[in-house]
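[1] Generate a structure from the sequence data that follows.
(2 chains)
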Amino acid sequence: MAEGLEERITGALTRGLPGSRVEDLGRATPGSRVGGTLVWDGFEGVDQLTRQRRVPEVLATRLRADDVRQISLILTVTEDELDGILAD
Amino acid sequence: MQARHEGTELQMPIGHSVYIGAAEENAAAALLLHEAGQYAPAHYLAGVAVECVLRACITREVVEFDSRHQIKDLCKRARFYSWMPQARLDDVTVAMHTVASRWSNDHRYRSAAALAKWLSERRLDQKVARAKRLPASSAAVPSAMQTIVTVGCARWQKGLRNA
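    Numbers count the residues shown, from 1 in each chain, chains lettered A, B, ... in the order given. Model (predicted):
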């Protein structure tokens, strides 16, 4: 069975950034672009703008342009940051 | 259910999911524009992304649409800081101050030169060379926006809408 867009995005990110995982990939509303959260400890000590440069680079080299156009924002966090965000 | 917008009835209120989707899309667009050196629209859309996160929080309790766009007021109405996890409260507060002090809904009407003048009149980035003030501010606002959008949208995606 052919992979869907979300599987292709997950595969591109986890292969491009080994050790990463992708969570909550989906569309906020039907027809909107796909967003999600990329958790990777390789982001430790890297500022948000640099992280956000890295993600499109990985996606652009591993996905077709029409797939990339359907992606909105992939949030970029480390494991510790995610724990902090989800606390309380 | 109807929402009010400046005295006219909207047929459909904008729901929280629409605001979260718009926050993600505007944030992504702001980052692309910043990377392309399109600092004025990057500046503007970064603020819109933050506004969308705040408006998503407000819709937890209020459907009525408030057409005002002041970040500080929206933040208060959203009770945003009380929703933030303690571990991220300091950096989110700093990020929100950065956006609130450098963003205005009127930026959509400002050219890059007009935005640079606006920032200069507020005596922001006085230690930065004049020619570099707009790129510096453009980096500051999307960076701060990314902090707010990351924490806000991640908590939302994880179902912590009313935590």
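[2] pLDDT below threshold where in the chain?
    All of this refers to chain A. Along chain A, the model assigns pLDDT under 70 to residues A:1-2.
[3] should've been chain B
    In chain B the weaker segments, taking pLDDT under 70 as the threshold, are B:1-12, B:63, B:161-163.
[4] again, only this time at 80
    B:1-13, B:61-67, B:125-126, B:158-163 (pLDDT under 80).
[5] residues touching the residue most central in space within it, list them.
    Nearest to the mean C-alpha position of chain B, by C-alpha atoms, centre = their mean, lies B:Val50 at 2.2 Å. Neighbour list for B:Val50: B:Ala23, B:Ile71, B:Met96, B:Val99, B:Trp103, B:Met145, B:Ile148, B:Val149 [criterion: C-beta atoms under 8 Å, 6 or more residues apart in numbering or on different chains]. Every residue, glycine included, has its C-beta placed from N, CA and C.
[6] ok, now which ones touch the fourth one?
    This points to B:Val99. B:Ala46, B:Gly47, B:Val50, B:Ile71, B:Val141, B:Ala144, B:Met145, B:Ile148.
[7] which parts of chain B sit against chain A?
    Within chain B, the positions near chain A by C-beta under 8 Å from any C-beta of the partner chain are B:17-18, B:20-21, B:23-25, B:27-28, B:31-32, B:34-35, B:85-88, B:139, B:142-143, B:146-147, B:149-151, B:153-155, B:157-158, B:160, B:163.
[8] Report the buried members of those residues.
    Neighbour-count burial (16 or more other C-beta atoms under 10 Å in any protein chain shown) applied to those gives B:17-18, B:20-21, B:23-25, B:27-28, B:31-32, B:34, B:85, B:87-88, B:139, B:142-143, B:146-147, B:149-151, B:153-155, B:157.
[9] Grab the longest helix from chain B for me.
    Using DSSP state H to define each element, chain B has its longest helix at helix B:133-157.
[10] Quick check: the closest residue to chain A within chain B vs B:Ala56, distance?
    Nearest to chain A, among the residues of chain B, is B:Gly21, at 3.0 Å (C-beta to the nearest C-beta). Computed as C-beta to C-beta, to the nearest Å, the B:Gly21 to B:Ala56 distance reads 9 Å.
[11] thought the residue of chain B closest to chain A was touching A:Ser32?
    Yes. In terms of C-beta atoms under 8 Å, B:Gly21 counts as a neighbour of A:Ser32; the distance is 4.1 Å.
[12] So for those two, which residues contact both of them?
    A:Ser72.
[13] before we move on, back to that, need phi/psi at the residue nearest to the centre of chain B.
    With angles defined as degrees, to the nearest 10, B:Val50 sits at phi -60, psi -40.
[14] any idea where the helices of chain A begin and end?
    Under DSSP H, chain A gives helices at A:5-16, A:48-62, A:65-68, A:79-85.
[15] in the first one, what's buried?
    If I follow you right, that is helix A:5-16. A:Arg8, A:Ile9, A:Thr10, A:Ala12, A:Leu13, A:Thr14, A:Gly16.
[16] Then the third one?
    Within helix A:65-68, the residues that qualify as buried by neighbour count (16+ other C-beta under 10 Å) are A:Asp67.
[17] got it, and the second one?
    Going by neighbour count (16+ other C-beta under 10 Å), the buried part of helix A:48-62 is A:Gln48, A:Arg51, A:Gln52, A:Arg54, A:Val55, A:Pro56, A:Val58, A:Leu59, A:Arg62.
[18] Find the nearest non-adjacent residue to A:Ala12, please.
    Spatially, and ignoring its direct neighbours in sequence, A:Ala12 is nearest to A:Arg62 (3.8 Å; C-beta to C-beta, 6 or more residues apart in numbering or on different chains).
[19] residues in contact with that neighbour?
    Counted by C-beta under 8 Å, 6+ apart, A:Arg62 has contacts A:Gly11, A:Ala12, A:Arg15, A:Gly16.
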